[in-house]
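>>> here's a sequence, model it:
(one chain, ligands or ions: 1)
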Amino acid sequence: MNFEDDHILSIDQFLRADVEAIFNTADKMMPFARREKITKVLDGAILGSMFFEASTRTRISFGSAFNLLGGNVRETTGFEHSAIAKGESLYDTARVLSGYSDVIVMRHPESGSVGEFSKASRVPVINGGDGSNEHPSQALLDLYTIKSELVSRGRSIDQLRVAMVGDLNFGRTVHSLCKLLALFEDIKLVLVSPRELRMPDDLVELVREQGHQVIESENLEESISHVDIVYSTRIQEERFNSQEEADLYRGRFRLNHTIYTAHCEPNTVIMHPLPRDSRENARELDEDLN
Ligand code: NCD
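Next up, the predicted model:
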């Protein structure tokens, strides 16, 4: 992959070697992230940050990273604060915004929208989440976290055993993470979801075609007992027709301290892309695990 003039829209664009190159760069950047070293490598550069859907972590972390490297951030959040509320097309917005930015990160509620936007952009566009489709930067950082955990145990990503739990149908982080894991060797993926919220078939097929093992289940306790990572996710309520429909699935698979201790192998890593839903009827990841 040539990162210089490409957009980052999907994990489909990546090869294993690309991922390893990014992780090596991330290792080298760690002292800058910790402020042990200072750089102004992005001095004068402008990040256009456009989040047309709720975001805390992704929006602020992209902005902070850009600032830490000496660059500036110009942002718009929510349709109501942008000219899209006046009927402007994504094409027109992209033509204008890309004239003011050196790179753009964008989140939008529709699958494929960030790709559509990128076609009209004069500068590289990074997908910060397009509907239920993909969230490639989240997957990269999740795998980087996994790799960091495994290294201290003398393990590599190959032969990894991961349980993904929750809304696997609408969850874009798990879609991107599946594709990313499939680039490695001999992965065991246990997919735990309500039947109606299964991982889309094309993704299950893609992982199987690469020679990995995929098990689908509706039993949490059984599924988390022989894995290295439990990756919990929130019911993506904003993708359902109504709150009542989302309520049918909220709180179906709850991981808490008692279940973890009773069923997981020692040192199983718990992950969640966050936000976790901490309302009474949800709590997919209990605060007693903090
Ligand atoms: C996720 C997202 O927006 O897809 N959040 C994030 O970016 N870390 C997960 C979610 O909203 O459930």
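>>> in this protein, which spans are helices?
Under the criterion DSSP state H, the chain contains helices at 16-33, 57-68, 90-100, 113-120, 136-151, 172-181, 201-209, 220-223, 243-247, 257-263.
>>> can you lay out those as a markdown table showing mean pLDDT and mean neighbour count?
(Each C-beta comes from the backbone N, C-alpha and C, glycine too.) Below are the helices of the chain laid out as a markdown table (pLDDT from 0 to 100; neighbours: other CB atoms under 10 Å):
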| stretch | mean pLDDT | mean neighbour count |
| --- | --- | --- |
| helix 16-33 | 96 | 13 |
| helix 57-68 | 96 | 17 |
| helix 90-100 | 94 | 16 |
| helix 113-120 | 96 | 20 |
| helix 136-151 | 96 | 19 |
| helix 172-181 | 98 | 25 |
| helix 201-209 | 98 | 13 |
| helix 220-223 | 98 | 18 |
| helix 243-247 | 96 | 13 |
| helix 257-263 | 98 | 13 |
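>>> quick one: which of those helices is nearest residue 187?
Smallest distance to residue 187 across these (CB to CB): 5.0 Å, for helix 172-181.
>>> ok so, going back, tabulate the helices of the chain (a markdown table), appending distance to the ligand.
Formatted as a markdown table, the helices of the chain follow (distance: least, CB to the nearest ligand atom, whole Å):
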| stretch | distance to the ligand |
| --- | --- |
| helix 16-33 | 17 |
| helix 57-68 | 4 |
| helix 90-100 | 19 |
| helix 113-120 | 13 |
| helix 136-151 | 5 |
| helix 172-181 | 5 |
| helix 201-209 | 15 |
| helix 220-223 | 18 |
| helix 243-247 | 12 |
| helix 257-263 | 21 |
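>>> turn those into a markdown table, columns for distance to residue 230.
Formatted as a markdown table, the helices of the chain follow (distance: least, CB to CB, whole Å):
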| stretch | distance to residue 230 |
| --- | --- |
| helix 16-33 | 22 |
| helix 57-68 | 20 |
| helix 90-100 | 37 |
| helix 113-120 | 29 |
| helix 136-151 | 12 |
| helix 172-181 | 12 |
| helix 201-209 | 18 |
| helix 220-223 | 9 |
| helix 243-247 | 22 |
| helix 257-263 | 8 |
